[in-house]
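# how would this look folded up:
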Amino acid sequence: MKNRKIKINKRGSKFSDKPSFKWVVCSKCKAEEVKVSEEAISAICSICVQRMIPPPVFKSQEAPKSTGRPRGWQFMKLFVDQDGNVFHKGVEQPKMKGKLPPTDVKTNGKKSRFEREQDRLAKETKLAKKYQKKQEKKNGNSNRRKRTKKTK
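Got it, this is the predicted structure:
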């Protein structure tokens, strides 16, 4: 490597006055120029590298097959599937197979958009009636005369 003046910037990293790279013609196709360091002898362009490497193989995008067990069964303290297999915290217990009844899993069914909208409207009307009653009570009390004690 040639001797150069080396400067140190405020962060402590070194850099030289002259650029430390050169342009080299691709050794495969001889058409593209590649930017390399001064120590490099030859280079291959990105297009030739892509031609040399086979395309990537992707896993099939099929949906995972269902096991017939509910979500989170591995985290249940005790879970018994329909075949009678017993699982304790996700680990199968073969000695207990068929001795316990299948676990009944309660699912929280999601409401449809229409049902959620109906619930929201019902809640709003209930709150509106409550607000109107408060307003009527407030207005009714302010119109009434307050009784005061008569002093002699």
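# drop to CA atoms for contacts and neighbour counts, all remaining ones
Noted.
# all the helices of this protein, residue numbers only.
Taking DSSP state H, the helices of the chain run over residues 46-52, 113-143.
# nearest to residue 64, of these?
Judged by C-alpha to C-alpha, the one of the helices of the chain that comes nearest to residue 64 is helix 113-143, at 27.4 Å.
# next, the buried residues of the closest one.
Of all the residues in helix 113-143, not one is buried under the rule 16 or more other C-alpha atoms under 10 Å.
# chain center to it: distance?
38 Å (C-alpha atoms, centre = their mean, to the nearest Å).
# tell me the mean pLDDT over it?
Averaged across helix 113-143, the pLDDT comes to 89.
# and it, what does it pack onto?
The helices and strands touching helix 113-143, judged by 3 or more C-alpha pairs under 8 Å, 6 or more residues apart in numbering; DSSP states H and E, number zero.
# for residue 65, find the nearest of the helices of the chain.
Of all these, it is helix 113-143 that lies closest to residue 65, at 28.4 Å by C-alpha to C-alpha.
# sorry, back to before: export the helices of the chain to a markdown table and append columns for distance to residue 20.
Output for the helices of the chain, formatted as a markdown table (distance: least, C-alpha to C-alpha, whole Å):
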| stretch | distance to residue 20 |
| --- | --- |
| helix 46-52 | 21 |
| helix 113-143 | 63 |
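# tell me which of those lies nearest to residue 72.
Smallest distance to residue 72 across those (C-alpha to C-alpha): 25.7 Å, for helix 113-143.
# contacts only, for residue 43.
24, 25, 26, 27, 34, 36 (C-alpha atoms under 8 Å, 6 or more residues apart in numbering).
# what pLDDT does it get?
For residue 43, the predicted pLDDT is 92.
# roughly how far does it sit from residue 20?
Going from residue 43 to residue 20 by C-alpha to C-alpha, to the nearest Å gives 16 Å.
# re the thing from before, among the contacts of residue 43, which pair sits farthest apart?
27 and 36 (12.8 Å).
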